[in-house]
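Trainee: from the sequence below, what's the structure:
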Amino acid sequence: PNQPNKLTVYCLAREKKTKPARLRVRHSMRRRGYDLKKFDKLVKQGVVVVVSGDFSRPKLGLSRHDYSMLASSVSEIFHVGSLVNHIWDYSMLKAANVLGTTEILRLALDASGPLAHVHYVSTISVIEEGDESTVARPAAFPGL
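Mentor: Prediction:
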């Protein structure tokens, strides 16, 4: 579990055969203009922990040990992951989006301390491509 007053950001990302979860997150950050040296430093310090998982699977696709560790560590959950495809029908999107949200809520309920707060973002597009400069950077990560 986290030490008091120590911020740890867990980032769940799908692992692909050709790219580990951490590299997928890193690539996404690079595309959006984040400072990768600072990101790598935060990962090395354990402030950012990339967790390989999958929203569409029970317990987020995590092992029993990893799920328990995560449930005992989180107090806030920012759920911004989704599968967006404007051509697929509901049945093709349900596992990642509906059941994935259910698994996030289950994680919040399984938290070992007080219930974890869930912050849910649901939108077709939070920002337009190339307009990332308008998004405020979290105060905990100035300059990231």
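Trainee: please count neighbours and contacts with C-alpha atoms only from this point.
Mentor: OK.
Trainee: please identify the buried residues of the helix or strand hosting Val43?
Mentor: Secondary structure assignment for Val43, by DSSP states H and E: helix 36-45. Within helix 36-45, the residues that count as buried by 16 or more other C-alpha atoms under 10 Å are Phe39, Leu42, Val43.
Trainee: gap between that helix and the chain center?
Mentor: In this view, helix 36-45 has its centroid 16 Å away from the chain centroid, taken as C-alpha atoms, centre = their mean, to the nearest Å.
Trainee: one more: stretch 45-58?
Mentor: 6 Å.
Trainee: quick one: buried residues of that stretch?
Mentor: Residues Val48, Val49, Val50, Val51, Ser52, Gly53, Asp54, Phe55, Ser56 are the ones in stretch 45-58 that count as buried (16+ other C-alpha under 10 Å).
Trainee: what kind of secondary structure is the closest residue to the third one other than its chain neighbours in?
Mentor: Taking C-alpha to C-alpha, 6 or more residues apart in numbering, and ignoring the residues beside it in sequence, Val50 has Cys11 as its nearest neighbour in space, at 4.7 Å. Secondary structure state of Cys11, per DSSP: H, G, I helix; E, B strand; the rest coil, is strand.
Trainee: tell me the contacts of Cys11?
Mentor: When contacts are counted by C-alpha atoms under 8 Å, 6 or more residues apart in numbering, Cys11 touches Val48, Val49, Val50, Val51.
Trainee: for the protein, just list every one of the strands.
Mentor: Taking DSSP state E, the strands of the chain run over residues 9-13, 48-52, 76-79, 117-120.
Trainee: just put those strands in JSON lines and tack on distance to Met69 and mean pLDDT.
Mentor: Shown next, in JSON lines, are the strands of the chain (distance: least, C-alpha to C-alpha, whole Å; pLDDT from 0 to 100):
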{"stretch": "strand 9-13", "distance to Met69": "11", "mean pLDDT": "92"}
{"stretch": "strand 48-52", "distance to Met69": "11", "mean pLDDT": "93"}
{"stretch": "strand 76-79", "distance to Met69": "14", "mean pLDDT": "90"}
{"stretch": "strand 117-120", "distance to Met69": "17", "mean pLDDT": "89"}
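Trainee: out of the ones you listed, flag the one nearest Arg32.
Mentor: Closest to Arg32 of those, according to C-alpha to C-alpha: strand 9-13, at 16.3 Å.
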